[in-house]
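A.B. asks: What would the 3D arrangement of this be:
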Amino acid sequence: MNYLINIDNGGTLTDICVADGDNIYYTKTLTTPADLSECFFTGISKIAEEISGDDNLPEFLRRTDLIRYSSTQGTNALVERKGPAIGLVTDDPGLPDRLRHDDNTRELFDDLIGTRVAVLGKADSRDSREGDTSLVKAINSLITAGSERLVVSMSDPDRERTLKRIYLSTFPRHLLGSVPVLFSREFSDDRAEVRRVWSAVLNSFLHPTLERFLYSAEHRLRAHKIKKPLLIYRNDGASSRVAKSVALKTYSSGPRGGLEGARALAETYGLPHVLMIDVGGTTTDVGEIDDLRISSERRGRVEGVPTSIELSDVRSAGVGGSSVIRAVNGQITVGPDSVGAAPGPACFGFGGTEATVTDVNLLLGVLDPETYLNGELHLDRDRATQAVMHNVADPLGITLPEALGRMQQAHAAKIAESFRSQVRDDGETTLAVFGGGGPMSACLAAGIAGIRHVIIPRLAAVFSAYGISYSDVAQDFETEITGMSDTEVDAVRRNLLDQAGSYMFQEGHDLPDCETDWTVIYENPDGSEHHRADPDDAPTGDRNLHRILRLTARHVLPHPTVVPTGAESTCEARPAGRRTLLTTFEDNDRREEETHTVPVLVLEDQPAGAAGSGPAIVEGPFFTARVPSGWTFTVSGAGDLILNDQLERTN
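C.D. replies: Numbers count the residues shown, from 1 in each chain. As a prediction, this is how the structure comes out:
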């Protein structure tokens, strides 16, 4: 079989995972924020050379069946509020207040929209010149106020459609002066106005970040005569062509890949409850697998804001390996702003002057400056020292070692805060940790949150990219059938099948070659899901529930084979060397520091069943894991690192 390429683009690093039958190849490269297509092709070229031994990228791409891509760029843009200014046009003066009904929505509304709201009067004649003039005035005023993209929501669906015709005739899309406008009902037919409008606003905010890269990447792929399309991995766990994807469905799509991989871990190791944390450069993404089910919401939320689409229940906290750590008003703060890949942590030597946990771990001795990113990037201790002293130690009037200890603890505490509320009291929670920054802080954060079992997969550094390989090409189609007769429902079925046939044909697959699945979703009046059932089941007797008929069309792709995990016996782990660590501790109300050497183990050199205890450092492919005192570790038959806390802790 040919290659299946899976790419997860992060704020600091881009991960590439390639499947070739039962073989898995992977690598990482620095993200290039100015032009994401650069790191896209750099990563593919790098893995092509590793697999084939030469740098013949065109030949490698010709042997590629498909490329599946996910990006945290949209998620990061929202966390850091780096995106277009949105303007809102409505005829309902009360809509802004309803969109700002609690602390979460109020903060996001103020950051994305603020005062850029234009309220149209109620039109007596929808086709009148007065309506034409009021819309043009509203758009011009919002553009003058700095709006870069607009969302239109009218109380009357017919008026919204009329205004769309007026807009297209007044501001034709082919003119340079036109401004992108999204009409809320064009994006979603959700009955709930607040969810519908928020969905349109968020999609408008996320769209430009992805659009610039995706069409640039597609253009460059066509230059290599590649006929297979670039597929976008979505938050629902499926993939689709660029032209058949919407930006909002890509929100936290990378973590959804991690959730798919974590579900495979839960099944392999028989784990009842798994919390996934994916620690990237800018964010820590948290998801949950309960009894092999990925937690999701029928009407998903983004930063606590309700939307109209189904989303995995993934929460993103503004803390990662490149999060800025500063002293502010005598306290150490972590994130949410990040140095990303450019300029990156100070120790990267790319001009960064802010301190990050990457700088901290370098100075503590956790990271080896010669082996970072498998030796592809040398880390600069002097620059890291300058950043920590200038941003934390000097402002607080403390020594460098004390600053490092407090920064490390603050960073681990911020990560623990992102998932602590989901930890079960019965001790059955396992933390599955991955991402480039996760293994260094995994046990520290777990201990703070009261978790005593941790898994760091062998592919931790590229685990979300690996998880993307569980996806298929799929599309969902829905229509509300509340109160419809059997004859009317049959007509809806035929219409949905026609839509599915058209969409899947445009995806490159004939509907008869796809799997189809029918479901009836019963919704409460507020739009939350009540339950799901087979369409042939008798309808519920509760007349307050809305019925939505869903058709899922899926073209199944090859998936990874889960490796058996059993280890025949337990043996002592074999160190490859030793490393000096700097640690700080409290002694009689005084903070002390000391240095000691710990064993360094190369994960891929350990046989199945290799075991040991902390303190220790485990070097995996493209990641470094820290095993603190009181923790034990075992290497599973699949090469994953299983860690257990042996100390009794008070939390």
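
A.B. asks: so after the strand of greatest length in the chain, what's the next helix or strand?
C.D. replies: In the chain, taking DSSP state E as the definition, the longest strand is strand 590-602. Going down the chain from strand 590-602, the next helix or strand is strand 610-613, by DSSP states H and E.

A.B. asks: what's the average pLDDT for the helix or strand hosting residue 384?
C.D. replies: Secondary structure from DSSP H and E places residue 384 in helix 381-388. Averaged over helix 381-388, pLDDT sits at 96.

A.B. asks: Could you check how far that helix is from the centre of its chain?
C.D. replies: If you compare the mean C-alpha spot of helix 381-388 with that of the full chain, they lie 30 Å apart, counting by C-alpha atoms, centre = their mean, to the nearest Å.

A.B. asks: So the nearest residue to residue 69 once chain neighbours are set aside: helix, strand or coil?
C.D. replies: Closest residue in space to residue 69, ignoring its immediate chain neighbours: residue 7 at 4.8 Å, by C-beta to C-beta, 6 or more residues apart in numbering. For every residue, glycine as well, the C-beta is placed using N, CA and C. Classification of residue 7 by DSSP: H, G, I helix; E, B strand; the rest coil places it in strand.

A.B. asks: Give the burial count for residue 7, as a bare number.
C.D. replies: Residues within reach of residue 7, counting by other C-beta atoms under 10 Å, total 27.

A.B. asks: pLDDT of the lengthiest helix in the chain, averaged?
C.D. replies: For the chain, the helix with the greatest residue count under DSSP state H is helix 193-223. Mean pLDDT, computed over helix 193-223, is 86.

A.B. asks: And for stretch 315-324?
C.D. replies: Mean pLDDT, stretch 315-324: 88.

A.B. asks: heads up, I number from 371, so please use that
C.D. replies: Okay, using 371 as the starting number, the last item reads as stretch 685-694.

A.B. asks: rewinding a little: strands paired with the longest strand of the chain, and their directions?
C.D. replies: According to DSSP bridges, strand 960-972 has the following sheet partners: strand 947-957 (antiparallel), strand 986-990 (parallel).

A.B. asks: Quickly, which of the ones you listed bottoms out on average pLDDT?
C.D. replies: Considering the strands paired with strand 960-972 one by one, the lowest average pLDDT is found for strand 947-957, at a mean of 77.

A.B. asks: Am I right that residue 703 falls within a helix?
C.D. replies: No. Assigned with three-state DSSP, residue 703 falls outside any helix and is strand.

A.B. asks: Where does pLDDT dip in the stretch 371-520 of the chain?
C.D. replies: Regions of the stretch 371-520 of the chain meeting the criterion pLDDT under 70 cover residues 371, 493-502.

A.B. asks: go again using 80 as the cut-off
C.D. replies: Low-confidence segments of the stretch 371-520 of the chain (pLDDT under 80): 371, 380-382, 391-392, 403-405, 423-425, 442-446, 449, 492-502.

A.B. asks: do the stretch 871-1020 of the chain as well
C.D. replies: Low-confidence segments of the stretch 871-1020 of the chain, defined by pLDDT under 80, are located at 896-898, 907-913, 931-940, 953-964, 1017-1020.

A.B. asks: Could you pull out the strands in it for me?
C.D. replies: In the stretch 871-1020 of the chain, the segments counted as strands under DSSP state E, counting those that start in this stretch are 885-893, 899-903, 916-925, 941-942, 947-957, 960-972, 980-983, 986-990, 993-997, 1001-1005, 1011-1015.

A.B. asks: To residue 708, which of those strands lies closest?
C.D. replies: strand 993-997 (18.7 Å; C-beta to C-beta).

A.B. asks: Sheet-wise, list the partners of the closest one with their directions.
C.D. replies: For strand 993-997, the paired strands and their directions (DSSP bridges) are strand 986-990 (antiparallel).

A.B. asks: Below-threshold pLDDT in the stretch 721-870 of the chain: ranges please.
C.D. replies: By pLDDT under 80, the weakly predicted segments of the stretch 721-870 of the chain are 743-746.

A.B. asks: which residues in it form helices?
C.D. replies: Taking DSSP state H, counting those that start in this stretch as the test, the helices found in the stretch 721-870 of the chain are 727-734, 751-758, 764-766, 770-789, 808-819, 833-838, 856-876.

A.B. asks: how about the fourth one: buried residues?
C.D. replies: By that I understand helix 770-789. Buried residues in helix 770-789, counted by 16 or more other C-beta atoms under 10 Å: 770-778, 780-789.

A.B. asks: what number of residues lie near residue 651?
C.D. replies: 27.

A.B. asks: meant to ask about residue 967, not that
C.D. replies: Summarising burial for residue 967: neighbours were counted as other C-beta under 10 Å, giving 12.

A.B. asks: For the stretch 371-520 of the chain, just list every one of the helices.
C.D. replies: Listed from the start of the chain, the stretch 371-520 of the chain has helices (DSSP H, counting those that start in this stretch) covering 406-422, 427-432, 443-450, 465-469, 473-482, 499-514.

A.B. asks: Using CSV, write down the CA coordinates of the fourth one.
C.D. replies: Listed next in CSV are the C-alpha coordinates belonging to helix 465-469 (Å, rounded to 0.1, in the frame of the first residue of the first chain):
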residue,chain,number,x,y,z
LEU,A,465,-29.2,40.5,20.8
PRO,A,466,-25.8,41.8,22.1
ASP,A,467,-27.0,41.5,25.7
ARG,A,468,-28.2,38.0,25.1
LEU,A,469,-24.8,37.1,23.5
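
A.B. asks: which residues touch it?
C.D. replies: By C-beta atoms under 8 Å, 6 or more residues apart in numbering, the surrounding residues in contact with helix 465-469 are 458, 460, 475, 479, 483, 487, 523, 563-564, 567-568.

A.B. asks: how much space between residue 564 and residue 941?
C.D. replies: Between residue 564 and residue 941 the computed distance is 59 Å (C-beta to C-beta, to the nearest Å).

A.B. asks: re earlier: just curious, which of the contacts of helix 465-469 is nearest to residue 515?
C.D. replies: Closest approach to residue 515 among the contacts of helix 465-469 (C-beta to C-beta): residue 487, at 9.4 Å.

A.B. asks: quick one, domains of this structure?
C.D. replies: Here the chain is described, according to automatic domain parsing, as comprising the domains 449-579, 843-925.

A.B. asks: Of all those, which one comes closest to residue 612?
C.D. replies: The closest approach between residue 612 and any of the domains of the chain, judged by C-beta to C-beta, belongs to domain 843-925 at 11.1 Å.

A.B. asks: first vs last residue of that closest one, how far apart are they?
C.D. replies: Domain 843-925 stretches 5 Å from its first residue to its last (C-alpha to C-alpha, to the nearest Å).

A.B. asks: cool, stretch 914-930 as well?
C.D. replies: This stretch, stretch 914-930, spans 43 Å end to end (C-alpha to C-alpha).

A.B. asks: mind checking how far it is from the chain centre?
C.D. replies: 22 Å.

A.B. asks: Closest to the centroid, which residue in the chain?
C.D. replies: To find the centre residue of the chain, average its C-alpha atoms and take the closest one (C-alpha atoms, centre = their mean): that gives residue 622, at 2.9 Å.

A.B. asks: Could you find the closest non-adjacent residue to that residue?
C.D. replies: The spatial neighbour of residue 622 that comes closest, neighbours along the chain excluded (C-beta to C-beta, 6+ apart), is residue 684 at 4.2 Å.

A.B. asks: now residue 697
C.D. replies: Setting aside the residues directly before and after it, residue 697 is nearest to residue 765 in space (C-beta to C-beta, 6+ apart), at 4.0 Å.
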